[in-house]
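> Below: sequence and its predicted model.
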There are 2 protein chains.
Amino acid sequence: MYYDQQEKPANDARNRVRRHPERGHYDRETIESILDAGFVGHLAFVADEQPYVLPMLYVRQDEEIFLHGAPRGRLMSTIAQGAHLCFTVTHIDGLVMARSVFHHSVNFRSVVVLGEARAVREREAKLSAMEALVEHIVPGRTAEARGPNDTELKATEIVALTISEASAKVRTGGPVDTGADVELPVWAGYVPLRVVAGVPVPDAGCELAVPAYVGSLYPA
Amino acid sequence: MYYDQQEKPANDARNRVRRHPERGHYDRETIESILDAGFVGHLAFVADEQPYVLPMLYVRQDEEIFLHGAPRGRLMSTIAQGAHLCFTVTHIDGLVMARSVFHHSVNFRSVVVLGEARAVREREAKLSAMEALVEHIVPGRTAEARGPNDTELKATEIVALTISEASAKVRTGGPVDTGADVELPVWAGYVPLRVVAGVPVPDAGCELAVPAYVGSLYPA
């Protein structure tokens, strides 16, 4: 379990960060903070020897990542059958410009999770996961929106991916030029990037005021 | 080749959009515009029956996607050996809030590419790909930064992923509530999301003015 991984994994471990190992992190706090800072991850699975990777909304709770989809689809069927999965979350934090093309980079935080998933079939657990997902993406929303009814619960497949192995990789700060490059008359530094929200667009026929929890999402 | 796919693929095609098929697109213009709007994708490959998915910088040129990495690593070795690959690019454009929890969604544009890659070993082709990558992420940068030397070229593995099958999936607009939900006194609509740049942070010792091509990146 990754929660016990306070130290670096063995050289041949599947979750070891191999390229730029100094950027690897394996502690629970770093991994959870990166997972919790996002709501879209990329899930990879294998079907007929072909890997597929699809964007998925998610929420983490304890040692599990909850995903949802349509019942009886290829994706959810594959997942629920215990297939080996990989789920990766990436935040791009900045563009790093070195004096040399070679040392250009990006600042980022990413987590790679390896594990298997189980279908969540019990009514209360499904309801809890659906509401947790919405609440994770828009905190405060579930107090206002109508909760799922039985038909909607049946039309939603929820799976829980157990975080059995995980690693984080983080790059921060400016460029690393070397040798004589440092003296070159080339602007060098980094440009922070972040996600911001635009003005909320009400649905046709909705004349209610924009709730505070909507207006405060991703402030500029 | 996806460039000939102006029509929807067959029901059993690997690149058919199965969930919400009305959101699927298979034409060259849509696929290329989504790929060209980003610079980070998620590459999936299989090793010992385990799928892995890692974030990768990329640039598209014609029918190929160029990726780079360190030589002799697991990733680049696997790729260059002709493994089946999947490369997915996702842009999150907004949060969609319906009156019901069930109909919450996100606006997005994504492309899923299936294909195999080849190593790019020829000097001029490697140089061209490295510069194209930097120029794609920061247009104007390669006119100023020092280009790669032979040592740096040898320390960079470039692979070209041929886009042999691809599909795009796009959701836009507001929520789709149904029936009596439309009358509920719940705010509904969507919140656009976009990436913006913060103030450029010069490297230690760099006192040059911020170039115009840096200052114009991702304006707020």
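Right, received. Where do you want to start?
> Can you tell me who the most centrally placed residue in chain A pairs with across the strands?
The centre of chain A sits closest to A:V89, judged by Cα atoms, centre = their mean, with a distance of 3.2 Å. For A:V89, the beta-bridge partners under DSSP bridges are A:V111.
> That one and A:S167, how far apart?
Distance, A:V89 to A:S167, using Cβ to Cβ, to the nearest Å: 12 Å. (C-beta placed from N, C-alpha, C; glycine too.)
> so what sits against both of those two?
Taking Cβ atoms under 8 Å, 6 or more residues apart in numbering or on different chains as the contact rule, A:V89 and A:S167 both touch A:V111.
> any chance you could map the helices in chain A?
With helices called from DSSP state H, chain A shows them at A:28-36, A:74-80, A:123-137, A:150-154, A:212-215.
> contact partners of the longest one?
Helix A:123-137 has contacts (Cβ under 8 Å, 6+ apart) with A:36, A:39, A:57-59, A:61, A:66, A:68, A:120, A:141-142, A:145, A:147-148, A:153, A:156, A:158, A:160, B:95, B:101-102, B:104, B:106.
> quick one: that helix to helix A:28-36, angle?
In terms of direction (axes from the mean of the first three to the mean of the last three Cα atoms, to 10 degrees), helix A:123-137 departs from helix A:28-36 by 80 degrees.
> any idea of the mean pLDDT in helix A:123-137?
Helix A:123-137 comes out with an average pLDDT of 97.
> can you pull the buried residues of the lowest-mean-pLDDT helix or strand in chain A?
Least confident element among the helices and strands of chain A, by mean pLDDT, DSSP states H and E: helix A:74-80 (a mean of 79). Residues A:L75, A:M76, A:T78, A:I79, A:A80 are the ones in helix A:74-80 that count as buried (16 or more other Cβ atoms under 10 Å in any protein chain shown).
> The third one is in contact with A:A44, isn't it?
The one in question is A:T78. No. Using Cβ atoms under 8 Å, A:T78 is not in contact with A:A44, being 10.9 Å away.
> Flag the shaky bits of chain A, pLDDT-wise.
A:1-7 (pLDDT under 70).
> And the strands in chain A, which stretches?
For chain A, applying DSSP state E gives strands covering A:24-25, A:40-47, A:50-57, A:59-61, A:64-69, A:85-97, A:105-115, A:117-120, A:157-162, A:165-171, A:189-197, A:201-202.
> For those strands, give me JSON lines that also has distance to B:R23.
As requested, the strands of chain A are exported to JSON lines (distance: least, Cβ to Cβ, whole Å):
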{"stretch": "strand A:24-25", "distance to B:R23": "36"}
{"stretch": "strand A:40-47", "distance to B:R23": "16"}
{"stretch": "strand A:50-57", "distance to B:R23": "12"}
{"stretch": "strand A:59-61", "distance to B:R23": "23"}
{"stretch": "strand A:64-69", "distance to B:R23": "14"}
{"stretch": "strand A:85-97", "distance to B:R23": "22"}
{"stretch": "strand A:105-115", "distance to B:R23": "27"}
{"stretch": "strand A:117-120", "distance to B:R23": "24"}
{"stretch": "strand A:157-162", "distance to B:R23": "19"}
{"stretch": "strand A:165-171", "distance to B:R23": "31"}
{"stretch": "strand A:189-197", "distance to B:R23": "22"}
{"stretch": "strand A:201-202", "distance to B:R23": "19"}
